[in-house]
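Asks: One predicted model, sequence on top.
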Amino acid sequence: MIEAVGLTKRYGAKTAVDDLSFQVRPGSVTGFLGPNGSGKSTTMRMILGLDRPTAGHVTIGGHPYRSLPNAPRQVGALLDAKAVHGGRTARNHLLSLAQLAGIPAARVDEVLGVVGLQDVARRRSSGFSLGMGQRLGIAAALLGDPQVLLFDEPVNGLDPEGIHWVRNLMKMLAAEGRTVFVSSHLMSEMALTADHLIVIGRGRLLSDMSVKDFISANSADFARVRVPENDPGEREKLTASLIEAGGRVMSEPGGALRVTGLPLPRISDLAHGCGVRLWELSPHQASLEEAYMRMTQGVVDYRSTDDAKAGLAEAPQGPHGDVAGGYGAEPGLGQPLPVEAPQEGWYAPPPPGRDAHTAPGPAAGPSAPVPAASGPVPAPTPPSAAPGGQQTSEDPR
Ligand SMILES: Nc1ncnc2c1ncn2[C@@H]1O[C@H](COP(=O)(O)OP(=O)(O)OP(=O)(O)O)[C@@H](O)[C@H]1O
């Protein structure tokens with residue numbers, strides 16, 4: 001088991017990881033989710049003893065990584081698939097790692113087979129595609145047959161077949177009773193791979209629950225309701241009636257209303273009761289991706305300007321001064337609901353800029369380079385001496 005208690009990492013004024021406490025248990029895949037720059041890699045580096053926490057601590061099987069006897073046999077990691085000497089063949093790269101960790105050479109051929117690289121084992125890794133590099137990094141992580149495995153964005157750059165393969169591999173490793181901790185910024189991928197989810201934003205814990213609980217807490221049904229566009233009065237009349245009946249109503253881009261808390265027949269009856277014609281009344285389910293976006297939107301450091309999900313928040317301003325963000329039967333009627341915590345039945349993010357946590361900072365920008373590491377984790381090294389040196393996550397091809 002991996003256990004973090006009050007884990008904190010500051011780089012000067014920047015707090016990359018902020019008082020994080022969680023447990024990663026054996027026998028299941030635990031997804032580690034968070035937007036870019038939220039502190040996932042920093043957390044993994046601290047677990048592996050590559051970065052020293054500013055406060056708090058993290059242990060594997062009750063010991064800090066640095067005190068684990070024969071650590072490479074107990075813990076395997078893929079942090080950066082490009083942390084490879086490009087002049088070496090895949091086999092020689094793995095052989096050198098195996099020799100350092102006292103792992104027999106026969107295991108190298110075994111893991112090359114597991115990841116499907118046996119036919120290119122004698123090719124230099126500098127000619128490898130991103131996907132082949134990821135497979136080589138995974139082979140390195142498996143080398144010591146460890147009980148604890150950490151993978152930082154393992155499906156990066158993989159084609160659908162590769163993604164499917166990684167997904168099954170993670171599940172298989174967990175089914176063997178291993179502890180599998182895998183980071184991603186894709187909720188949809190984690191929903192298919194992980195049993196448990198730890199979500200962070202700006203270094204802080206946002207959610208720690210099973211995928212099953214996350215789904216039941218975040219994917220309630222809603223109805224989409226559309227009324228004739230040429231009569232805003234009808235829209236207002238219906239909205240008032242829905243709220244009065246206990247529903248919660250949000251504006252969607254394009255003028256539709258998103259209604260939660262009322263079954264479809266009741267919505268239809270209410271519309272009929274107030275004499276409003278309906279052009280659409282359809283059942284929908286908010287996706288997990290959407291729930292995740294809403295959970296993390298206030299803590300996104302780097303935001304694209306054409307974020308399709310953010311568009312959901314662009315509720316149209318009614319010509320009669322009706323609310324822009326949404327209506328609610330809850331406190332703050334007529335006001336957009338606060339977004340800091342997940343709220344059942346309310347899925348549309350608020351308009352950009354409404355959230356005090358939203359950084360006005362750079363629209364895009366590279367994170368500070370993180371030293372690379374993969375495979376059986378070597379004795380902790382200062383960042384500048386880490387294998388592969390300072391590398392970026394860009395595809396060099
Ligand atoms: N060595 C460092 N020096 C200064 N700041 C750093 C360093 N390493 C990370 N950071 C900063 O800490 C924050 C967290 O970075 P980290 O790489 O852990 O996030 P991440 O969730 O892994 O992001 P991504 O999904 O983009 O890989 C970022 O703001 C990053 O710029």
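Replies: Done, it's in.
Asks: Tell me, how many residues neighbour the residue nearest to residue 27 when sequence neighbours are not counted?
Replies: Distance criterion CB to CB, 6 or more residues apart in numbering; nearest residue to residue 27, sequence neighbours excluded, is residue 177 at 5.2 Å. Every residue, glycine included, has its C-beta placed from N, CA and C. As a burial measure, residue 177 scores 10 neighbours (other CB atoms under 10 Å).
Asks: Residue 25 is in contact with residue 177, correct?
Replies: No: between residue 177 and residue 25 there is no contact under CB atoms under 8 Å: 10.5 Å.
Asks: Name the SS class of the residue nearest to residue 27, please.
Replies: Here residue 177 is recorded as coil under DSSP: H, G, I helix; E, B strand; the rest coil.
Asks: residues in contact with it?
Replies: 26-27, 147 (CB atoms under 8 Å, 6 or more residues apart in numbering).
Asks: So which of the residues you listed is the closest to residue 237?
Replies: Within the set of the contacts of residue 177, residue 27 lies nearest residue 237; the separation is 55.0 Å, counting by CB to CB.
Asks: mind listing what the most far-flung residue of the chain relative to its centre touches?
Replies: Computed with CA atoms, centre = their mean, the residue of the chain farthest from its C-alpha average is residue 275, at 45.1 Å. The contact partners of residue 275, taken as CB under 8 Å, 6+ apart, are residue 237.
Asks: Give me the contact list for the one helix or strand residue 197 maps to.
Replies: Element membership of residue 197 [criterion: DSSP states H and E] is strand 196-201. By CB under 8 Å, 6+ apart, the list of residues contacting strand 196-201 from outside reads 20, 22, 24-25, 28-35, 38-40, 43, 190, 205-211, 214, 292, 295-296, 298-300.
Asks: Could you chop this structure up by domain?
Replies: Following automatic domain parsing, one gets these domains for the chain: 2-216+367-391, 221-285+304-327.
Asks: lowest-confidence stretch among the ones you listed?
Replies: The stretch with the lowest mean pLDDT among those is domain 221-285+304-327, at a mean of 77.
Asks: before we move on, back to that, what helices or strands is the helix or strand following the strand holding residue 197 leaning on?
Replies: Counting by DSSP H and E, the next helix or strand C-terminal to strand 196-201 is strand 204-210. Other elements packing on strand 204-210 under the criterion 3 or more CB pairs under 8 Å, 6 or more residues apart in numbering; DSSP states H and E are strand 14-24, strand 196-201, helix 288-296.
Asks: interface residues of this protein facing the ligand?
Replies: 11, 14, 16, 34, 36-42, 185, 367-368, 370 (CB under 6 Å from any ligand atom).
Asks: Pick out the most distant pair among the residues you listed.
Replies: Among the residues of the chain next to the ligand, the pair separated by the greatest distance (CB to CB) is 11 and 185, at 20.4 Å.
Asks: give me the residue from the stretch 101-250 of the chain nearest the ligand.
Replies: Here the residue of the stretch 101-250 of the chain nearest the ligand is residue 185; by CB to the nearest ligand atom that distance is 5.3 Å.
Asks: quick one on the thing from earlier: please tabulate the helices and strands packed on strand 204-210 in JSON lines and include mean neighbour count as additional columns.
Replies: Below are the helices and strands packed on strand 204-210 laid out as JSON lines (neighbours: other CB atoms under 10 Å):
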{"stretch": "strand 14-24", "mean neighbour count": "19"}
{"stretch": "strand 196-201", "mean neighbour count": "24"}
{"stretch": "helix 288-296", "mean neighbour count": "21"}
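Asks: what separates stretch 109-121 from the chain centre, distance-wise?
Replies: Counting by CA atoms, centre = their mean, to the nearest Å, stretch 109-121 is centred 29 Å from the centre of its parent chain.
Asks: any idea how far residue 42 lies from residue 14?
Replies: Distance, residue 42 to residue 14, by CB to CB, to the nearest Å: 10 Å.
Asks: what's the answer for residue 190, then?
Replies: Residue 190 is 26 Å from residue 14, by CB to CB.
Asks: And for residue 105?
Replies: Counting by CB to CB, the gap from residue 105 to residue 14 is 43 Å.
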